[in-house]
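Novice: need a structure here:
(2 chains)
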Amino acid sequence: NAGVMQNPRHLVRRRGQEARLRCSPMKGHSHVYWYRQLPEEGLKFMVYLQKENIIDESGMPKERFSAEFPKEGPSILRIQQVVRGDSAAYFCAGRREAQETQYFGPGTRLLVL
Amino acid sequence: DQQVKQNSPSLSVQEGRISILNCDYTNSMFDYFLWYKKYPAEGPTFLISISSIKDKNEDGRFTVFLNKSAKHLSLHIVPSQPGDSAVYFCAASDNYGQNFVFGPGTRLSVLP
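Specialist: Below you'll find the model as predicted:
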């Protein structure tokens, strides 16, 4: 997956806890996308960020979910008060300015008990 | 409302034969398309792309065809190899590649 890092790879949480997912895109990739994949389904867009800015969060639930991509450090997808329905694989992807191709990380598999 | 459809959830092909994966879209504003391959427990890997100014793009064993009037694209893999067995997603963008809408995927099995 071309150097895109996501951690943790697997995350188990109990209902009501917080989940924090990290994504470090490739060097020079200033655009980050987060997607969610439910079992047996395709990738659903959640949020698109550039450094320090949220560009499009139309795919992200308004409550409990937030995302950031600070000037320094990884992009963070934060899910507060997790519920069983949040169990899914969460993928991030990065791309360069003025290029279309997105390069994906290996994903974080979240399991909510 | 699914803007990008992959109507075949699965496809089985004999090794050495051609695999044809299809993708249909509804938004006529889509102008850039990509195909990704995904193995279990891994992230999607970019395969090949095509912009709406072309109707064909080729890269080794992989060729993507775009029929704008039919809002249809297809990925051809020839010859198919067992290592091609994976889930294939098509994705479409209407904003010069800023945001992509993904199809639900087609699981390809290449049989030895």
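
Novice: tell me which parts of chain A are close to chain B?
Specialist: Within chain A, the positions near chain B by CB under 8 Å from any CB of the partner chain are A:1, A:4, A:6, A:31, A:33, A:35, A:41-45, A:48, A:55-56, A:91, A:93, A:95, A:99-107, A:109. C-beta: built from backbone N, CA, C; applies to glycine.

Novice: Now restrict those residues to buried residues only.
Specialist: Buried members of those, counted by 16 or more other CB atoms under 10 Å in any protein chain shown: A:1, A:4, A:6, A:31, A:33, A:35, A:42-45, A:48, A:91, A:93, A:95, A:100-107, A:109.

Novice: mind checking how far the nearest residue to residue B:51 once chain neighbours are set aside is from residue A:62?
Specialist: Nearest residue to residue B:51 in three dimensions, chain neighbours excluded: residue B:32, at 5.2 Å (CB to CB, 6 or more residues apart in numbering or on different chains). Going from residue B:32 to residue A:62 by CB to CB, to the nearest Å gives 29 Å.

Novice: and residue 72, how many neighbours?
Specialist: This is for chain A. 6 (other CB atoms under 10 Å in any protein chain shown).

Novice: actually it's chain B I care about, not the one you picked
Specialist: 14.

Novice: Can you give me every residue that contacts it?
Specialist: B:22-25, B:66 (CB atoms under 8 Å, 6 or more residues apart in numbering or on different chains).

Novice: Just the pLDDT at it, thanks.
Specialist: Residue B:72 is assigned 97 on the pLDDT scale.

Novice: roughly how far apart are it and residue B:51?
Specialist: Going from residue B:72 to residue B:51 by CB to CB gives 16 Å.

Novice: Residue B:86 and residue B:38 touch, don't they?
Specialist: Yes - using CB atoms under 8 Å, residue B:86 is in contact with residue B:38, at 5.9 Å.

Novice: interface residues of chain B facing chain A?
Specialist: Counting by CB under 8 Å from any CB, chain B sits next to chain A at B:6, B:32, B:34, B:36, B:41-46, B:49, B:89, B:91, B:93, B:96-105.

Novice: so is the residue of chain A found nearest chain B in a helix, a strand, or just coil?
Specialist: Minimum separation of chain A from chain B (CB to the nearest CB) falls at residue A:100, amounting to 2.7 Å. Following DSSP: H, G, I helix; E, B strand; the rest coil, the label given to residue A:100 is coil.
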